[in-house]
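Enquirer: The following block contains a protein sequence and its predicted model.
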Amino acid sequence: MFSYCADPDTLDTVRWLSCYLTTGVHMSFYASFLKVLALLAVTAPVALAVGFLGAMAARSSLLPVSLLGKGYISIVRGVPDVAFFLFFVIALDQMFEYVRHRVLCPSWDAPVRQGNEFLVCAYAKLPLGTAPEWVHETYGFLLAVITFAIVFGAFAANVLFGGMRAVPRAQLETAEAYGMSPRQTFWRILVPQMWVYALPGLSNLWMILIKATPLLFLLGIEDVVYWARELGGTKTSRFSDYPHGDWRMWYFLALLVFYLMMTRVSEIVLERLMQRLTRGQATAGGEAQRKEAVA
């Protein structure tokens with residue numbers, strides 16, 4: 001905060017805004033944008049890995065494994081995201097605490113479920129009540145990452161499964177004719193080629209993931225939506241050194257610009273990635289590039 005911010009009542013408009021926008025709570029608001037970017041940076045590769053495992057399971061020749069993969073894809077995709085987020089975070093948290101409870105408090109003889117209450121010993125709580133604030137925030141963020149990865153992993157699995165099935169069967173048969181094992185055919189022929197067919201669907205999924213980050217607000221994490229609502233609401237002199245009216249429109253407008261910039265940058269990067277992947281491929285994109293090169 002600037003030195004002239006000691007008495008906000010004596011400031012002109014420009015100085016008042018400079019002081020207002022550099023308060024501690026506004027720094028938390030700015031940090032929440034980094035929290036969204038961190039969630040995307042961590043969740044995207046984890047969800048892609050979960051989706052790849054789900055797609056491998058769905059195309060497995062073993063019936064139980066195939067049913068497990070297809071069941072995971074169908075169940076998660078069939079449940080509304082909001083309902084799944086609200087349910088799964090609670091279930092995941094209670095599962096972790098129950099496992100810790102059974103390990104750390106074996107002498108506990110009272111039931112864990114007591115009516116609507118879920119009670120475990122103090123040592124099994126996650127995080128512990130004596131833990132610092134950053135531990136609570138990190139734990140909540142971890143639960144959010146796992147939940148996002150499982151939800152969007154199902155969608156990614158469906159896209160990758162379709163990409164695997166789109167690879168021409170003739171190429172796989174040719175690899176087998178050259179003496180490649182099923183494992184070699186999968187990793188050297190199928191996996192490299194499936195990305196060309198899966199990338200459009202994965203691009204859409206990335207855009208959906210960006211737009212789903214405000215769901216962090218529903219998980220109790222102080223994200224951009226939380227701070228926009230808190231800071232933009234009407235503040236009186238009784239509760240704030242910088243009283244103002246209802247400014248939520250301006251804060252949410254900032255979020256609108258942020259997400260539009262994110263999606264635009266993503267479109268540019270994904271388009272270039274698609275051009276690189278389709279170069280020399282027998283696809284519509286590869287054919288278009290060949291025609292451009294000839295012209």
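Expert: Okay, I see it.
Enquirer: which non-adjacent residue is nearest Ile135?
Expert: Just to correct that, residue 135 is Val rather than Ile. Leaving aside its chain neighbours, Val135 sits nearest to Pro127 (4.7 Å; criterion: CB to CB, 6 or more residues apart in numbering). (Glycine included, C-beta is placed from N, CA and C.)
Enquirer: contacting residues for the one you found?
Expert: 135-136, 139 (CB atoms under 8 Å, 6 or more residues apart in numbering).
Enquirer: Next: Trp206.
Expert: Counting by CB under 8 Å, 6+ apart, Trp206 has contacts 44, 266, 270.
Enquirer: Recalculate using a threshold of 7 Å.
Expert: 44, 266 (CB atoms under 7 Å, 6 or more residues apart in numbering).
Enquirer: now the helices for this structure?
Expert: Applying DSSP state H to the chain gives helices spanning 13-20, 24-58, 63-78, 81-104, 133-166, 169-177, 182-185, 191-212, 224-232, 248-278, 284-294.
Enquirer: Serialize those helices to TSV and add fields for distance to Cys5 and mean pLDDT.
Expert: Below are these laid out as TSV (distance: least, CB to CB, whole Å; pLDDT from 0 to 100):
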stretch	distance to Cys5	mean pLDDT
helix 13-20	4	83
helix 24-58	12	91
helix 63-78	49	91
helix 81-104	39	83
helix 133-166	26	88
helix 169-177	67	87
helix 182-185	65	88
helix 191-212	35	89
helix 224-232	17	88
helix 248-278	21	89
helix 284-294	55	53
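Enquirer: Among the ones you listed, which comes closest to Ala110?
Expert: Nearest to Ala110 among the helices of the chain is helix 81-104; the distance by CB to CB comes to 10.7 Å.
Enquirer: Any chance you could give me the closest one in PDB, C-alpha atoms only?
Expert: This file holds the C-alpha atoms of helix 81-104, laid out as PDB (Å, rounded to 0.1, in the frame of the first residue of the first chain):
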ATOM      1  CA  ASP A  81     -21.000 -31.800 -13.100                       C
ATOM      2  CA  VAL A  82     -22.300 -29.700 -10.300                       C
ATOM      3  CA  ALA A  83     -23.900 -32.700  -8.500                       C
ATOM      4  CA  PHE A  84     -20.800 -34.800  -9.000                       C
ATOM      5  CA  PHE A  85     -18.500 -32.000  -7.600                       C
ATOM      6  CA  LEU A  86     -20.600 -31.400  -4.500                       C
ATOM      7  CA  PHE A  87     -21.000 -35.200  -3.800                       C
ATOM      8  CA  PHE A  88     -17.500 -36.400  -4.700                       C
ATOM      9  CA  VAL A  89     -15.600 -33.900  -2.600                       C
ATOM     10  CA  ILE A  90     -17.500 -34.800   0.500                       C
ATOM     11  CA  ALA A  91     -17.200 -38.500  -0.200                       C
ATOM     12  CA  LEU A  92     -13.500 -38.300  -1.000                       C
ATOM     13  CA  ASP A  93     -12.800 -36.300   2.200                       C
ATOM     14  CA  GLN A  94     -14.700 -38.700   4.400                       C
ATOM     15  CA  MET A  95     -13.000 -41.700   2.700                       C
ATOM     16  CA  PHE A  96      -9.600 -40.300   3.600                       C
ATOM     17  CA  GLU A  97     -10.600 -39.500   7.100                       C
ATOM     18  CA  TYR A  98     -12.200 -43.000   7.600                       C
ATOM     19  CA  VAL A  99      -9.000 -44.700   6.400                       C
ATOM     20  CA  ARG A 100      -6.900 -42.600   8.800                       C
ATOM     21  CA  HIS A 101      -9.400 -43.200  11.600                       C
ATOM     22  CA  ARG A 102      -9.100 -47.000  11.200                       C
ATOM     23  CA  VAL A 103      -5.300 -46.900  11.200                       C
ATOM     24  CA  LEU A 104      -4.600 -44.200  13.800                       C
END
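Enquirer: That concludes my questions; thank you for your assistance.
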